[in-house]
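> the following comprises the amino acid sequence and a computationally predicted model.
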Amino acid sequence: MTALLALTRRPWVRRGFLVLALAAAVWAIASRWDEVRDAWSELPPLTVLAAFVVALGYVVATMASWRAVLADLGSPVPLGPAARMFLLSQLGKYVPGGVWNLVAAAEIGADLRIPRRRSVTVMAVALLVSIVTGLLVAVVAVLAGPDDVRETYWPVLLALPPLAALLAPPVLNRLVSHVLRLLRRPPLEQPPTAGGIARASAWALVAWLLAGLHLYLLVTALDADATLATAALTTGAYALAWTAGFLVVVVPAGVGVREAVLGVVLAGQLSTGAAVVAVLASRLLLTVADVALGLAAAGRRR
């Protein structure tokens with residue numbers, strides 16, 4: 001990690017990284033263009049537009065959760081520079097390896113006088129908050145989901161208390177310390193506070209609700225029932241799929257893993273063809289949202 005950070009301090013490496021990340025994001029779409037085109041033809045344009053706007057909101061809410069952690073750990077940053085730091089670093093997740101968004105965040109943060117060590121720690125804490133809140137959302141969604149889902153998966157509700165406990169600062173601090181040891185990084189400079197974790201978790205929950213809404217718009221346009229149960233299912237399904245995709249770190253941006261999990265969960269509510277359409281359309285919209293916001297951040301003056 002130290003060698004990577006040293007290399008990325010060179011301006012030509014930073015520009016090359018941005019080009020590579022954008023190319024990887026475009027390739028994620030272009031490599032499956034025939035499937036994407038077929039999926040597009042199945043969806044009403046207004047639905048696609050609405051889902052895209054919600055997808056943008058999802059990315060922004062995720063950024064707000066990360067920014068809450070950044071402030072809590074000692075680096076309150078104005079919205080503009082924070083957005084540039086986060087949105088540009090997120091393009092790194094499309095590059096294989098699973099660490100490039102961390103590297104990018106550390107280097108961009110250094111330009112804002114944020115210690116590289118702290119930038120990595122903030123990203124680790126924010127990711128853990130996203131994972132834990134995502135799993136909480138997935139578990140709660142079982143209660144409000146369709147009857148067949150609730151009857152099949154109700155035992156997962158037993159996971160609710162321990163998952164909630166993971167967000168308690170003493171427990172979360174231990175988890176973060178363990179993650180930093182795995183990354184061979186120094187321990188926390190200062191532990192997250194209850195207030196900071198609460199703010200980050202609240203924004204993370206907003207992000208999961210928006211992610212579920214963008215998927216709900218797609219599946220209901222493909223003849224799924226427009227009910228609260230379906231909304232609960234799409235929200236829980238996306239949170240679970242994102243978590244699974246993130247944990248498979250060797251796959252850039254969870255490509256393939258997220259789609260597989262979403263396809264399995266949606267299979268009971270849509271035909272096989274419609275489920276494939278929804279999954280591919282979701283991937284495309286979220287990738288375009290990342291790229292669009294990343295480009296907007298890249299063009300912004302510091």
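Received it, and whenever you're ready, just let me know what you need.
> what ranges of the protein fall below the confidence cut-off?
1-40, 94-101, 103, 145, 148-157, 159, 183, 246-257, 299-302 (pLDDT under 70).
> recalculate using a threshold of 50.
1-14, 17-18, 21-22, 25, 249-254 (pLDDT under 50).
> which residues in this structure form helices?
2-7, 11-30, 33-41, 45-72, 79-90, 100-111, 116-144, 147-153, 160-165, 169-182, 194-221, 228-247, 257-266, 272-298 (DSSP state H).
> redo those as a markdown table? Include mean neighbour count and distance to residue 188.
Where you see a C-beta, it was placed from the backbone N, CA and C, and this is true even at glycine. Formatted as a markdown table, the helices of the chain follow (neighbours: other Cβ atoms under 10 Å; distance: least, Cβ to Cβ, whole Å):
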| stretch | mean neighbour count | distance to residue 188 |
| --- | --- | --- |
| helix 2-7 | 12 | 18 |
| helix 11-30 | 15 | 27 |
| helix 33-41 | 13 | 42 |
| helix 45-72 | 20 | 11 |
| helix 79-90 | 21 | 20 |
| helix 100-111 | 22 | 16 |
| helix 116-144 | 22 | 6 |
| helix 147-153 | 14 | 35 |
| helix 160-165 | 13 | 19 |
| helix 169-182 | 15 | 6 |
| helix 194-221 | 22 | 12 |
| helix 228-247 | 23 | 21 |
| helix 257-266 | 20 | 30 |
| helix 272-298 | 20 | 27 |
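> can you tell me how far the closest residue to residue 119 other than its chain neighbours sits from residue 262?
Leaving aside its sequence neighbours, residue 119 sits nearest to residue 109 (Cβ to Cβ, 6 or more residues apart in numbering; 3.7 Å). The gap separating residue 109 from residue 262 is 32 Å, by Cβ to Cβ, to the nearest Å.
> and if you look at residue 286?
Counting by Cβ to Cβ, the gap from residue 286 to residue 262 is 12 Å.
> surely residue 276 meets residue 263?
Yes. Look at residue 276 against residue 263 with Cβ atoms under 8 Å: they come within range, at 6.8 Å.
> excluding sequence neighbours, find me the nearest residue to residue 164.
Using Cβ to Cβ, 6+ apart, the closest residue to residue 164 is residue 136 (6.6 Å).
> for that neighbour, list the residues it contacts.
160, 163, 164 (Cβ atoms under 8 Å, 6 or more residues apart in numbering).
> show me what contacts residue 58?
207, 210, 211, 214, 286, 289.
> how about it: what's its closest non-neighbour residue?
The nearest residue in space to residue 58 (Cβ to Cβ, 6+ apart) is residue 210, at 4.1 Å.
> isn't that neighbour up against residue 56?
No. Taking contacts as Cβ under 8 Å, residue 210 lies outside contact range of residue 56: 9.0 Å.
> quick check: residue 285 vs residue 60, distance?
Taken as Cβ to Cβ, the span from residue 285 to residue 60 is 14 Å.
> how close does the closest residue to residue 176 other than its chain neighbours get to residue 78?
Ranked by Cβ to Cβ, 6+ apart and with sequence neighbours excluded, the top spatial neighbour of residue 176 is residue 125, at 5.4 Å. Distance, residue 125 to residue 78, using Cβ to Cβ: 20 Å.
> swap in residue 203?
Applying Cβ to Cβ to residue 203 and residue 78 gives a distance of 17 Å.
> residue 182 too?
Distance from residue 182 to residue 78, by Cβ to Cβ: 32 Å.
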